[in-house]
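Chemist: Give me a 3D structure for the following:
(3 chains)
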Amino acid sequence: MRKPCCDKEGTNKGAWSKQEDQKLIDYIRIHGEGCWRSLPKAAGLDRCGKSCRLRWINYLRPDIKRGNFGQDEEDLIIKLHALLGNRWSLIAGRLPGRTDNEVKNYWNSHIRRKLISMGIDPNNHRLNQIPPIPFSQPKCVSPAATSSHESMNNNESSKPLIKPFANTTTADRVSETTSGFEDEISGSLDLNLDLTIAVPSASSLTLVQEKLQINSKSIVTKEVTISEQVPTLALFR
DNA sequence: AACAGGTTCAACCGCGAAACA
DNA sequence: TTGTTTCGCGGTTGAACCTGT
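Modeler: Residues are numbered from 1 along each chain as shown, chains lettered A, B, ... in the order given. Got it, this is the predicted structure:
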């Protein structure tokens, strides 16, 4: 039986106060991000380490970019999601100043609904067989009602079309988040990063080859099979 | 103004894997 | 080699906020 992360009774939960934030900021400014387990006690916080880590990473870090996502960021998220699936930390790693939590929330509350309204399955980035929901009725799809439950019941479809890291170990993936995803791809790993998006209708198809630019370095070449008539897939151009 | 329903987003939970003893 | 601890991730929740009636 696994021990809960916060077995201490009376540990604070819920929203952080300004004083708690300041304590955490002050401590990390002096000591850096060390052992999260021991940090709360050392910083004088009545929180579990996990909570401190989350607060720092998602909210207090000085390099966090706040505010609305730009169109370029949104496009990049969609592209990366098509490649990587729900690997939010990886996707966020390609968006300077954005956190995985922020990207995940933005996906679930904005992009997901937008894709659905355009007739695209956000789980696999394919066109739906059923007619799209008109854009004027986006309220039919609530993220609370769909994202959570769909992801629980529809694991298969939530996977990306390809699994770029299917041949890698977790260590590989961890290193790629910290050092350089691009280095691995251009390096020794034998990864299949070809991405083919198949549109149900075989007519009027165009083959587009795209180099996905990440950190101004071309790392992925993918072939995207798209329909000229489908505006949403123009996102991949 | 009051209420209901929908949306957003900060925070929590549980799990898997790495690190360590 | 095995068991335990710690970390990081993705999924989920719920309070606060927004919007329509």
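
Chemist: Would you tell me whether stretch A:61-73 gets close to DNA strand C?
Modeler: No. Counting by Cβ under 7 Å from any atom of the strand, DNA strand C is not contacted by stretch A:61-73; separation bottoms out at 12.2 Å. To be clear about C-beta, it is placed using only N, CA and C from the backbone, and glycine gets the same treatment.

Chemist: what mean pLDDT would you report for that stretch?
Modeler: Stretch A:61-73 shows a mean pLDDT of 88.

Chemist: What residues sit buried inside that stretch?
Modeler: Buried residues in stretch A:61-73, counted by 16 or more other Cβ atoms under 10 Å: A:69, A:73.

Chemist: do it and DNA strand B meet?
Modeler: No. Counting by Cβ under 7 Å from any atom of the strand, DNA strand B has no neighbours in stretch A:61-73; the shortest distance is 7.6 Å.

Chemist: mind checking the end-to-end distance for that stretch?
Modeler: 20 Å (Cα to Cα, to the nearest Å).

Chemist: Other residues contacting it?
Modeler: A:58, A:77, A:95-99, A:106, A:110 (Cβ atoms under 8 Å, 6 or more residues apart in numbering).

Chemist: how is chain A carved up into domains?
Modeler: A:18-60, A:71-190 (automatic domain parsing).

Chemist: Also near DNA strand B: which of the contacts of stretch A:61-73, exactly?
Modeler: Within the contacts of stretch A:61-73, those near DNA strand B by Cβ under 7 Å from any atom of the strand are A:58, A:106, A:110.

Chemist: Give the PyMOL command for selecting the buried subset of those.
Modeler: Entered in PyMOL, the line below selects the buried ones among these, by 16+ other Cβ under 10 Å:
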select buried, chain A and resi 106+110
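
Chemist: Export the ones next to DNA strand B among the contacts of stretch A:61-73 to TSV and append columns for pLDDT and secondary structure.
Modeler: What follows is those, written out as TSV (pLDDT from 0 to 100; DSSP: H, G, I helix; E, B strand; the rest coil):
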residue	pLDDT	secondary structure
A:Asn58	92	helix
A:Tyr106	94	helix
A:His110	91	helix
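
Chemist: Please say whether there is contact between stretch A:34-50 and DNA strand C.
Modeler: Yes. Applying Cβ under 7 Å from any atom of the strand, one finds that stretch A:34-50 is in contact with DNA strand C at A:34-37, A:49-50.

Chemist: ok, and the most crowded of those?
Modeler: Within the residues of stretch A:34-50 next to DNA strand C, most neighbours by other Cβ atoms under 10 Å means A:Gly49, with 17 neighbours.
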